[in-house]
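Chemist: I'd like to go over a predicted model; first the sequence, then the structure.
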Amino acid sequence: MSADALPTPATAGRFRRWLLRAALALLLALIALVAYAVWIVESFDTETLPLRHGQVDARLYAREGEQRRPLIVGLGGSEGGNAWTSDRWARQRERFLDQGYTFLAVGYFGLPNTPAELDRIALEGVQAAIREARQDPRVHPDCVALIGGSRGAELVLLLGSHDPDIDAVVAIVPGSAVFPALNAAMVTPGFSWQGQPLPFVPIPWSATGDLITGNLRGAFEKMMANTEAMAAAAIPVERLQGPVLFVSATRDELWPSREMSDAMMERLRQHGFAHAHEHLAVPGGHLAPLKRFADIERFLATHYAPRCAAPAP
């Protein structure tokens with residue numbers, strides 16, 4: 001390298017000043033971001049229930065015939081909308097109908113006639129949709145199974161543990177506790193019961209970096225490190241009144257569904273749960289269990305359909 005290629009003192013000084021300005025700008029941006037986050041959290045209205053609270057979008061699929069058929073209720077996850085009405089799930093809906101079930105697709109947020117966000121969603125709103133479907137002459141009024149994925153699995157486990165009329169639950173990549181709402185503040189629970197927010201696991205400020213970088217599993221692991229909050233917000237799965245299947249992912253990148261399914265299986269064991277309870281851990285990421293509906297069908301055919309063998313009144 002020639003002497004002419006070496007930086008002059010003036011050039012080095014300009015470079016140092018540029019670095020200092022860049023560092024200062026980055027620090028100010030970080031301070032502004034933290035201040036904005038604090039303002040969002042502190043100013044969020046935790047008392048007023050969201051607009052259209054308790055409203056859901058429900059669509060019943062049924063084959064015509066004289067016999068009333070058991071009902072399966074499908075709920076999507078954090079994607080919002082009414083996932084089970086989409087073309088993506090049309091084939092599986094038809095399979096359930098072919099197997100002798102009726103099917104109720106329920107969307108609970110992110111639709112024009114539902115709350116905009118997953119924030120204090122009313123369990124009784126889903127209950128009301130199921131109650132209405134049970135009055136349809138094609139539906140067996142005493143046979144209701146729930147299927148939900150991800151945050152929808154959290155919902156079906158909560159609903160099944162609060163409603164004794166639920167006969168079976170399939171929870172795909174589930175959570176074992178009530179977690180925060182999916183909105184900017186995340187200082188309220190995702191679900192409520194009889195107008196009251198359910199106890200939930202709060203997000204610690206230490207998870208902010210994980211949320212910013214998209215490391216959702218890391219954020220949930222930090223939440224779950226709060227063992228006292230996890231215990232207070234735990235879903236009382238031992239109250240379920242029928243069989244339950246947990247389908248988790250061994251390398252779940254969104255949250256520890258395998259570990260939480262194991263925890264719920266242990267909770268059922270400790271309470272001497274009398275109904276069938278199984279945990280299928282599927283190799284792969286968060287979406288891998290969606291390829292295992294054949295196993296879900298077998299579980300329902302073995303543990304749910306026989307409960308509905310008696311003719312409906």
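Modeler: Sure thing, it's come through. Quick caveat: nothing in here was measured; it's all calculated off a predicted structure.
Chemist: helices of the stretch 1-150 of the chain, start to end?
Modeler: Using DSSP state H, counting those that start in this stretch, the helices of the stretch 1-150 of the chain run over 9-43, 90-98, 123-134.
Chemist: next up, the contacts around residue 222.
Modeler: 203, 204, 206, 207, 210 (CB atoms under 8 Å, 6 or more residues apart in numbering). C-beta here means a position set from N, CA and C on the backbone, and glycine is covered the same way.
Chemist: same question, residue 87
Modeler: Contacts of residue 87 by CB under 8 Å, 6+ apart: none found.
Chemist: equivalent analysis for the one 4 residues further on, please.
Modeler: Taking CB under 8 Å, 6+ apart as the criterion, residue 91 is in contact with no other residue.
Chemist: 10 Å instead, please
Modeler: Contacts of residue 91 were listed using CB atoms under 10 Å, 6 or more residues apart in numbering, and they are residue 293.
Chemist: which residue ranges make up the domains of the chain?
Modeler: Domains of the chain are assigned by automatic domain parsing as 9-43, 57-308.
Chemist: residue 49 is nearest to which of those domains?
Modeler: domain 57-308 (6.0 Å; CB to CB).
Chemist: measure that closest one end to end?
Modeler: The straight-line separation of the ends of domain 57-308 (CA to CA, to the nearest Å) is 26 Å.
Chemist: and that domain, how far out from the chain's middle?
Modeler: 6 Å (CA atoms, centre = their mean, to the nearest Å).
Chemist: all strands of the stretch 201-313 of the chain, in order?
Modeler: Listed in chain order, the strands of the stretch 201-313 of the chain (DSSP state E, counting those that start in this stretch) span 244-249, 277-282.
Chemist: okay, the ones you listed, which one's buried deepest?
Modeler: strand 244-249 (a mean of 26; mean count of other CB atoms under 10 Å).
Chemist: out of the strands of the stretch 201-313 of the chain, nearest to residue 80?
Modeler: Closest among those, using CB to CB: strand 244-249, at 20.8 Å.
Chemist: what's the distance between residue 84 and residue 275?
Modeler: The gap separating residue 84 from residue 275 is 25 Å, by CB to CB, to the nearest Å.
Chemist: those two: which is more packed in?
Modeler: Neighbours per residue, other CB atoms under 10 Å: of residue 84 and residue 275, the larger number sits with residue 84, 25 against 15.
Chemist: tally up the residues packed near the closest residue in space to that one that isn't next to it in sequence, please.
Modeler: Excluding the flanking residues, the one nearest residue 84 by CB to CB, 6 or more residues apart in numbering is residue 105, at 3.5 Å. Residues near residue 105, counting by other CB under 10 Å, number 22.
Chemist: beta-bridge partners for residue 105, please?
Modeler: With DSSP bridges as the criterion, residue 105 is bridged to residue 59, residue 74.
Chemist: contacts only, for it.
Modeler: 57-61, 72-76, 82-86, 89, 93, 129.
Chemist: one more: residue 295?
Modeler: Contacts of residue 295 (CB under 10 Å, 6+ apart): 170, 245, 247, 278, 280, 282, 289.
Chemist: before we move on, what about residue 258?
Modeler: Counting by CB under 10 Å, 6+ apart, residue 258 has contacts 173, 246, 248, 249, 250, 251, 252, 279, 281, 282.
Chemist: thinking again about what came up before, which of the helices of the stretch 1-150 of the chain has the lowest average pLDDT?
Modeler: Ranked by mean pLDDT, those bottom out at helix 9-43, with a mean of 64.
Chemist: residues near the residue nearest to residue 308 when sequence neighbours are not counted, how many?
Modeler: Nearest-residue entry for residue 308: residue 143, 3.7 Å, with adjacent residues in sequence omitted and distances by CB to CB, 6+ apart. For residue 143, the neighbour count with other CB under 10 Å is 25.
Chemist: what about this structure, any weak spots by pLDDT?
Modeler: For the chain, the stretches with pLDDT under 70 are 1-13, 15, 19-20, 24-43, 310-313.
Chemist: max-length strand in it?
Modeler: Determined from DSSP state E, the single longest strand within the chain is strand 139-149.
Chemist: that one versus helix 90-98: what angle between them?
Modeler: 150 degrees (axes from the mean of the first three to the mean of the last three CA atoms, to 10 degrees).
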